[in-house]
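Colleague: Can you look at this prediction? I've put the sequence above it.
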Amino acid sequence: MPRHNETRHLPYSPEQMFDLVADVQSYEIFLPWVSAIRVRSNSTTEMVADMIVGFKGLRETFTSRVRKVRPESVHVDYLDGPLKHLTNDWTFRSDGQGGVLVDFEVDFAFKNRLFEAIAGQMFDVALRKMIGAFEDRAAALYGPSESGNSSSSAHSAA
């Protein structure tokens, strides 16, 4: 079961990062492998959405509930699709100097053992690409960081 948690220090506000992560409708614009999003319901505190993900001829639909607590956190619970389970948590904390500490955690398992084995082999690369896509999107929306990169600490287990 792939699991990862990481903290990134970014030069944006908690509100900006909350807005970026909570804007699930825009994921198909910037996230690799996401080909479409269908929002079933959306309010200021909760969203239910389908995400269609494709990679090398495979195409799957995931349905998730997204709980939003502005500007502190976004929590994703898996509802339906090819996984046994998925949880994804984002928390946003001010660094006291105009930046934000973003804590990101994901834990999931596939129903299919073959997919699980493949995911375990590719997990770190895919995760780095996904986190990089969020950072690139933040730079596109809010301006690049002055240093050109962020600091981070990470922990993965597959």
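Modeller: Structure received. Numbers count the residues shown, from 1 in each chain.

Colleague: And stretch 80-93, what's buried?
Modeller: 81, 83, 86, 88, 89, 90, 91, 92, 93 (16 or more other Cβ atoms under 10 Å). C-beta coordinates here come from the backbone N, C-alpha and C atoms, glycine included.

Colleague: Turn those into JSON lines, columns for pLDDT, secondary structure and distance to residue 59.
Modeller: JSON lines is the format used below for these (pLDDT from 0 to 100; DSSP: H, G, I helix; E, B strand; the rest coil; distance: Cβ to Cβ, whole Å):
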{"residue": "81", "pLDDT": "91", "secondary structure": "coil", "distance to residue 59": "11"}
{"residue": "83", "pLDDT": "86", "secondary structure": "strand", "distance to residue 59": "15"}
{"residue": "86", "pLDDT": "91", "secondary structure": "strand", "distance to residue 59": "17"}
{"residue": "88", "pLDDT": "95", "secondary structure": "strand", "distance to residue 59": "20"}
{"residue": "89", "pLDDT": "98", "secondary structure": "strand", "distance to residue 59": "26"}
{"residue": "90", "pLDDT": "98", "secondary structure": "strand", "distance to residue 59": "26"}
{"residue": "91", "pLDDT": "98", "secondary structure": "strand", "distance to residue 59": "31"}
{"residue": "92", "pLDDT": "98", "secondary structure": "strand", "distance to residue 59": "32"}
{"residue": "93", "pLDDT": "98", "secondary structure": "strand", "distance to residue 59": "36"}
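
Colleague: of all these, which two lie farthest apart?
Modeller: Within those, 81 and 93 form the most distant pair, 30.5 Å apart (Cβ to Cβ).

Colleague: Secondary structure element for residue 49, which one?
Modeller: strand 46-55 (DSSP states H and E).
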